[in-house]
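> The amino acid sequence is not available; the structure is as follows:
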């Protein structure tokens, strides 16, 4: 028997072309990704003209000339004027009867009225205001909306209501015992009572603001049964009113030299100017903001959130990180003339030879800016010590002044160009700069957000 030995044949290594191409692609992508990760990335920001304000919201206490009217009898009360409407002296403002019969008579009077286009527009305004300023977490807003709707209907149907009631009773020989009560003075009527009506300016304290969230407001309506000597309504006898605001040390410093300040009411974003005085009560300072505008709009408010519009400005908004400093040469404006092929702004630079003779060369100022009668010029173009010729008398003038100015890198052309800026206002994140700086940036220019990662005249990919 012969021994047959089987030897396994080893195939020579033959790399597949497809595998090699795949490996090359993977390596190439990895290198590109690595280079991208290591590369310094330049962020670009588009300049826009806007306004900026960063005032914090603070709570103010409203003071008015208010007089609470207390019931002289017990019984069912009925009102004859809409909330926030003006009443004259000796006008009937409410009646009280023993059994509620007046309410039934008033309902008959109201049904005879018709709804006008103005009435519908007023109701739409009430609904629109509620919709615009609705806050799901503020249940009191829903209650206020319900009351405002009822009051709008009340206002539409109760014009000359007391006279109509007397006429109705006379025509139908209806007799009913009721007591009528007249206003002792003219004013604006309100059916909202919160217990702060007797508060005066010298009674304001920091403790008062700690209870702002716990204010209970009672809103009375017609047909309710009331007891004797309880509040039924109040009259505001003056259009002038005040918002009193507690002052921190920082806010006090900002307001110290002001006599007026603009206020924005947060609930509806209404803004208006107020007179400003500082009141010191018990060692604590308060800002007293006085005005005669919009009193009726906030008649049923006591504590109200406001903004003091102190830190605000209009102009070009740029990130603070984009701002850099640079030394620039100052050239008096009267030494600059137009020349060259394109009538560019420039100067006549004097150069001196060894024999003492001089020659003039027109030098364009390129990317200059102008402030207060001086051109700010890059020191690669002109530097202190250079001599230029005065175009008006040909006398030599040696440049001496330089200044450190703030600016940004503008990359509209793809290259970093330094543009001088003039600050108007800044906060922690953004700066508002003047939009009219000669030789500065313009609206929709593109600037570098992180200029520390690039140099002037570099090309931005």
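Right, received. Where do you want to start? Here the structure is a predicted model, which means the values were calculated and not measured.

> could you give me the average pLDDT of stretch 233-240?
Taken as a whole, stretch 233-240 has a mean pLDDT of 93.

> Could I get the buried residue list for that stretch?
233-236 (16 or more other C-beta atoms under 10 Å). Just so you know, the C-beta spots here come from the backbone N, C-alpha and C atoms, and that holds for glycine as well.

> Touching that stretch from outside, list them.
In this structure, residues lying in contact with stretch 233-240 by C-beta atoms under 8 Å, 6 or more residues apart in numbering are 64-69, 79, 87, 93-94, 183, 185-193, 197, 220, 290-292, 295, 299.

> For these, which PyMOL command selects only the ones that are buried?
Buried residues within those, as defined by 16+ other C-beta under 10 Å, are selected in PyMOL through the command that follows:
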select buried, resi 64+66+67+69+79+87+93+94+183+187+188+189+190+191+192+193+197+220+291+295+299
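
> among the contacts of stretch 233-240, which are in strands?
Cross-referencing these with the strands (criterion: DSSP state E) gives 64-69, 79, 87, 93-94, 187-190, 192-193, 290-291 as the overlap.

> Show me the helices in this protein, by range?
With DSSP state H applied, the chain shows helices at 17-38, 101-111, 117-132, 139-157, 161-171, 206-210, 249-255, listed in chain order.

> Least confident of these, on average?
helix 139-157 (a mean of 52).

> do you know how far residue 191 is from residue 185?
17 Å (C-beta to C-beta, to the nearest Å).

> likewise residue 288?
For residue 288, the distance to residue 185 under the criterion C-beta to C-beta works out to 25 Å.

> Could you do residue 354 as well?
Here residue 354 is placed at a distance of 99 Å from residue 185 (C-beta to C-beta).

> what bridges to residue 327?
residue 404 (DSSP bridges).

> shift numbering so it begins at 46
Understood, numbering begins at 46; the last thing we discussed is residue 372.

> That one: what's it in contact with?
Applying C-beta under 8 Å, 6+ apart, one finds that residue 372 lies in contact with 424, 447-449.

> Could you do residue 139 as well?
The neighbours of residue 139, taking C-beta under 8 Å, 6+ apart as the test, are 122-125, 225-226, 277-278.

> Distance to residue 291 added to those residues, as CSV?
As requested, the contacts of residue 139 are exported to CSV (distance: C-beta to C-beta, whole Å):
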residue, distance to residue 291
122, 38
123, 41
124, 36
125, 40
225, 44
226, 39
277, 33
278, 30
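
> any idea which of those residues has the most stuff around it?
Top of the contacts of residue 139 by neighbour number is residue 122, holding 26 neighbours under the definition other C-beta atoms under 10 Å.

> Quick check: beta-bridge partners of it?
Beta-bridge partners for residue 122, by DSSP bridges, are residue 141.

> how close does it get to residue 76?
Counting by C-beta to C-beta, the separation of residue 122 from residue 76 is 87 Å.

> Likewise for residue 498?
For residue 498 relative to residue 76 (C-beta to C-beta), the value is 22 Å.

> Going by how many neighbours each has, rank the two and give me the top one.
The neighbour count for residue 498 versus residue 76, taken as other C-beta under 10 Å, is higher for residue 498 (13 against 10).

> Quick check, the more buried one in contact with residue 87.
Yes - the criterion here is C-beta atoms under 8 Å, and residue 498 meets it with residue 87 at 6.1 Å.

> Distance check, residue 366 against residue 378.
As judged by C-beta to C-beta, residue 366 and residue 378 stand 32 Å apart.

> do the same with residue 392
Taking C-beta to C-beta, one finds residue 392 at 11 Å from residue 378.

> what do you get for residue 440?
Distance from residue 440 to residue 378, counting by C-beta to C-beta: 16 Å.

> now do residue 265
According to C-beta to C-beta, residue 265 and residue 378 sit 72 Å apart.

> again, but for residue 295
When distances are taken as C-beta to C-beta, residue 295 and residue 378 turn out to be 41 Å apart.

> before we move on, what about residue 225?
Summarising the geometry, the distance separating residue 225 from residue 378, computed by C-beta to C-beta, is 80 Å.

> And residue 424, by the same measure?
18 Å.

> can you pull the contacts of the residue lying closest to residue 115 once chain neighbours are set aside?
On the basis of C-beta to C-beta, 6 or more residues apart in numbering, the spatially nearest residue to residue 115 that is not a chain neighbour turns out to be residue 274, at 5.3 Å. When the contact criterion is C-beta under 8 Å, 6+ apart, the partners of residue 274 are 115-117.

> Give me the buried entries from the residues you listed.
If you count burial by 16+ other C-beta under 10 Å, the buried members of these come out as residue 116.

> Need the contacts of residue 274 in TSV (columns: distance to residue 68).
TSV is the format used below for the contacts of residue 274 (distance: C-beta to C-beta, whole Å):
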residue	distance to residue 68
115	95
116	96
117	101
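
> Between the two ends of stretch 492-506, how far is it?
Terminal residues of stretch 492-506 are spaced 14 Å apart (C-alpha to C-alpha, to the nearest Å).

> what's the distance between the closest residue to residue 262 other than its chain neighbours and residue 351?
The shortest distance from residue 262 to any residue that is not its chain neighbour, by C-beta to C-beta, 6+ apart, is 4.5 Å, and that residue is residue 239. The gap separating residue 239 from residue 351 is 18 Å, by C-beta to C-beta.

> what about the two, which has more around it?
The neighbour count for residue 239 versus residue 351, taken as other C-beta under 10 Å, is higher for residue 351 (20 against 17).

> what's across from that one in the sheet?
The residues paired with residue 351 through beta bridges, assigned by DSSP bridges, are residue 103, residue 310.

> show me what contacts it?
Contact criterion C-beta under 8 Å, 6+ apart gives 102-105, 288, 290, 308-311 as the residues in contact with residue 351.
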